[in-house]
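**Q** Provided below are the primary sequence and the corresponding predicted coordinates.
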Amino acid sequence: MPDDAMTLDSAARGILQANDRGGYTVPTSGLYPYQWNWDSAFAAWGLSTFDIDRAWTELETLFSGQWATGMVPHIIFHKTDSSYFPGPSVWGTDRAPPSSGISQPPVAATLARRIYEADPVAGRARLESLYPAMLDWHRWWRTHRCASGVAAVTHPWESGRDNCPDWDPGMANVDGSDVGEYVRHDTDHVDAAMRPEKEDYDRFIAIVQFGRNCGWDQGEIIASGPFYMADPAITFILIRANRDLAWIARTLGKDPGEAQVYADDLEAALPELWNSGLGCYDARDLRTGTFAGVLGSGSFLAWLAGVTNAEMEARLISVWNRVSFGIPSSDPAADTFDPRRYWRGPSWPVINSLIAIGLIEAGRFAEAERLRRETASLIETAGFWEYFDPLDGAPCGGPNFTWTAAIWLAWASPTAMGD
Ligand code: GLC
């Protein structure tokens, strides 16, 4: 095994340990001082490579924040930290532990399955007790986010790809002019040129204020909330997560039927997201029917859901070929492309790891290995950053990032077991 890979493995473990706040891992200290939903699922995947017990604890702490409705919030504020905005009082969800009022991509079942497969003996009881909570969460998605057939988001932050051009049509109709004064903290930690613009931030806050003002009433949010868009990425992630949950059910001797139906129904609704002009699946504003009209990394997650077709795949590969370092979060040929501004172009190691799982399962081994190599080279050159410029590999966002360290250990490192 190359020495430098071993050194990076050890650095990655060190990051997961340093970001451990006792039962959960923060994405990076300073910029993101709480527990984030999908970050924690990736953290658990990374932790499972050297501490399986701690990996399960990470998921258990995440689900300790689940609402009675089944929703698992996108942020859980276990301990107050005034360095983050918008904190618990802005969300006003009135829960214990305090949390945000929206969710995030449901990758937990997919990664819990992997963690279980790494050590079924250690994992059996832990998986068994998490299973009903994961099923409840998937039911919540079905009940509150899949009315059109595919999965929708009610805030760009719910998509996990917070600032991508996919959301521009919906954001254009959000009025951010009346949000009042507030102080952002993200730009204290990261170059403002890599973060969302002020007018986008006003709109993000306006959507939060709508949710808080209606007491997070989901019926009200779906009927008249300021933002409501169908998301190909969450649709693909949820198809996959439901199939993994059905697998988990069978493994535990339970009926897989419900999760299986959810996956099949989502898949049957996919034509709703097919943008023939673009030759791929595309985000769509559910208020107006408008497509985003830009190919982003969400479209590449089709492979993760086992959704393939030759036209789309050729198109995806041609977009990937425009850059040198992983999958760009948005097409470099589009005029919205910005290689360093978060989600408007950069390559995200975590998204690359999900796409690679799909490529392997589609039998596209050469591309899966190319993606692993390109992602690994970013980390080998610059370290465990939040995201990277896909054209020149420059590191962006926050340093010592949990999910980048996690996917290094679980997938990108030459020492990873591979998939
Ligand atoms: C940013 C990302 C989101 C992530 C969070 C913590 O908000 O857009 O996906 O969960 O940071 O890393």
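**A** Yes, it's here. Numbers count the residues shown, from 1 in each chain.
**Q** Give the buried residues for the strand or helix carrying residue 135.
**A** Using DSSP states H and E, residue 135 maps to helix 120-145. For helix 120-145, burial by neighbour count (16 or more other Cβ atoms under 10 Å) applies to 122-123, 126-127, 130-131, 133-138, 140-142, 144-145. Heads up, the C-betas are built off the backbone N, CA and C, glycines and all.
**Q** and what of stretch 272-287?
**A** 272-275, 278-286.
**Q** what's the span of it, first residue to last?
**A** End-to-end distance of stretch 272-287 (Cα to Cα, to the nearest Å): 14 Å.
**Q** Confirm that residue 368 sits in a strand.
**A** No. Going by DSSP: H, G, I helix; E, B strand; the rest coil, the assignment for residue 368 is helix, not a strand.
**Q** Excluding sequence neighbours, find me the nearest residue to it.
**A** residue 359 (3.9 Å; Cβ to Cβ, 6 or more residues apart in numbering).
**Q** ok, the one you found - contacts?
**A** Applying Cβ atoms under 8 Å, 6 or more residues apart in numbering to residue 359 gives the contacts 303, 365, 367-368, 371.
**Q** Could you turn the buried ones of these into a PyMOL selection?
**A** Selecting the buried subset of these in PyMOL, with 16+ other Cβ under 10 Å as the burial test, is done by:
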select buried, resi 303+367+368+371
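**Q** For the contacts of residue 359, name the two members farthest from one another.
**A** 303 and 365 (12.4 Å; Cβ to Cβ).
**Q** Give me the distance from stretch 110-122 to the chain's centre.
**A** The chain centre lies 20 Å from the centre of stretch 110-122; the measure is Cα atoms, centre = their mean, to the nearest Å.
**Q** and it, which residues are buried?
**A** 110-116, 118, 122.
**Q** can you tell me which of those are up against the ligand?
**A** Contacts with the ligand are made by none of those, judged by Cβ under 6 Å from any ligand atom.
**Q** As JSON lines, these with pLDDT and secondary structure would be great.
**A** Converted to JSON lines, the buried residues of stretch 110-122 look like this (pLDDT from 0 to 100; DSSP: H, G, I helix; E, B strand; the rest coil):
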{"residue": "110", "pLDDT": "98", "secondary structure": "helix"}
{"residue": "111", "pLDDT": "98", "secondary structure": "helix"}
{"residue": "112", "pLDDT": "99", "secondary structure": "helix"}
{"residue": "113", "pLDDT": "98", "secondary structure": "helix"}
{"residue": "114", "pLDDT": "98", "secondary structure": "helix"}
{"residue": "115", "pLDDT": "98", "secondary structure": "helix"}
{"residue": "116", "pLDDT": "98", "secondary structure": "helix"}
{"residue": "118", "pLDDT": "97", "secondary structure": "helix"}
{"residue": "122", "pLDDT": "96", "secondary structure": "helix"}
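**Q** closest to residue 315 among those?
**A** Checking the buried residues of stretch 110-122 against residue 315 with Cβ to Cβ, the nearest one is residue 110 at 24.9 Å.
**Q** The stretch 201-350 of the chain: strands as residue ranges?
**A** In the stretch 201-350 of the chain, the strands defined using DSSP state E, counting those that start in this stretch lie at 229-230, 274-275, 280-281, 284-285.
**Q** Sheet partners, orientation included, of the third one?
**A** Right, the one you point to is strand 280-281. strand 274-275 (antiparallel) (DSSP bridges).
**Q** which one of the buried residues of stretch 110-122 sits closest to residue 234?
**A** Each of those was checked against residue 234 using Cβ to Cβ; the closest is residue 110, at 12.6 Å.
**Q** who touches whatever residue of the stretch 1-150 of the chain ends up closest to the ligand in this structure?
**A** Residue of the stretch 1-150 of the chain nearest the ligand, by Cβ to the nearest ligand atom: residue 27 (3.5 Å). Going by Cβ under 8 Å, 6+ apart, residue 27 touches 19, 36, 39, 386, 398, 401-403.
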